[in-house]
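Visitor: Based on what follows, work out the 3D shape:
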Amino acid sequence: MNSGANHSPCLRFCANTSSLLSALQRIRAAAQNPYNRGMSTVENERDRRRAALTRFWEQNRSELKSIRQWAAASDLGYNTLNEFVRNKKNKNMLADTYEKLAFGASKLLQREVTIHELLNEDEKNDSDDPRLQKIDRILDLLKRLSPQEQDAFEVILEARVKASSPS
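Guide: Numbering: from 1, shown residues only. Purely as a prediction, here's the structure:
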């Protein structure tokens with residue numbers, strides 16, 4: 001199996017755009033749930049992801065063997081994964097952490113595992129919400145940029161947001 005070659009460009013992409021992707025994910029979560037009923041959309045999204053990751057763990061427990069082995073295969077610390085799956089701390093994981101978990105699961109399961117599979121999401125979003133469609137189009141465009149262009153775009157976007165936010 002040559003899963004390392006399949007994932008390394010993804011890891012580089014995530015390393016270069018992790019903060020931008022996290023911001024877009026928060027915007028996407030807010031667009032999906034504008035009426036949060038006392039719980040922030042970030043908390044709702046965190047809980048949904050935790051439940052999906054726990055479900056993936058339960059479904060593949062025999063092949064993944066243990067949380068410790070999955071974390072080691074993913075090049076993550078044991079507590080990072082254990083505390084999240086066991087709901088010991090209210091924390092979020094970044095996009096690059098999910099990418100590492102997908103890579104580690106791919107090694108242990110001997111098949112390709114995507115972030116979408118870990119999070120029980122469809123690869124393509126077929127929502128009719130134009131805000132979500134716009135975010136998806138922006139993400140597709142970002143994937144086409146070189147790492148240097150992604151870095152430059154992130155700097156420009158951050159400057160633009162700072163300039164437009166009320167002081």
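Visitor: list the contacts for R46?
Guide: N90, K91, N92 (CB atoms under 8 Å, 6 or more residues apart in numbering). C-betas here are computed from N, CA, C, even on glycine.
Visitor: Let's see the pLDDT reported for the residue minimising distance to the centre of the chain.
Guide: When the chain is reduced to its mean C-alpha position, the closest residue under CA atoms, centre = their mean turns out to be A95, at 3.1 Å. According to the prediction, A95 has pLDDT 80.
Visitor: Does it touch L118 like I think?
Guide: No. Using CB atoms under 8 Å as the test, A95 is too far from L118 to be in contact (11.3 Å).
Visitor: all helices for this structure, in order.
Guide: 3-32, 41-59, 61-64, 67-73, 78-85, 95-109, 115-118, 130-144, 147-164 (DSSP state H).
Visitor: Give me the number of neighbouring residues for the nearest residue to L109 once chain neighbours are set aside.
Guide: Of all residues not flanking L109 in the chain, E63 sits nearest, at 5.0 Å (CB to CB, 6 or more residues apart in numbering). E63 is flanked by 12 other residues according to other CB atoms under 10 Å.
Visitor: sorry, back to before: please tell me how far the residue nearest to the centre of the chain sits from P130.
Guide: 23 Å (CB to CB, to the nearest Å).
Visitor: Ok, F153 next?
Guide: 22 Å.
Visitor: With Q148 instead?
Guide: 31 Å.
Visitor: Do you know the pLDDT at N36?
Guide: On the pLDDT scale, N36 gets 49.
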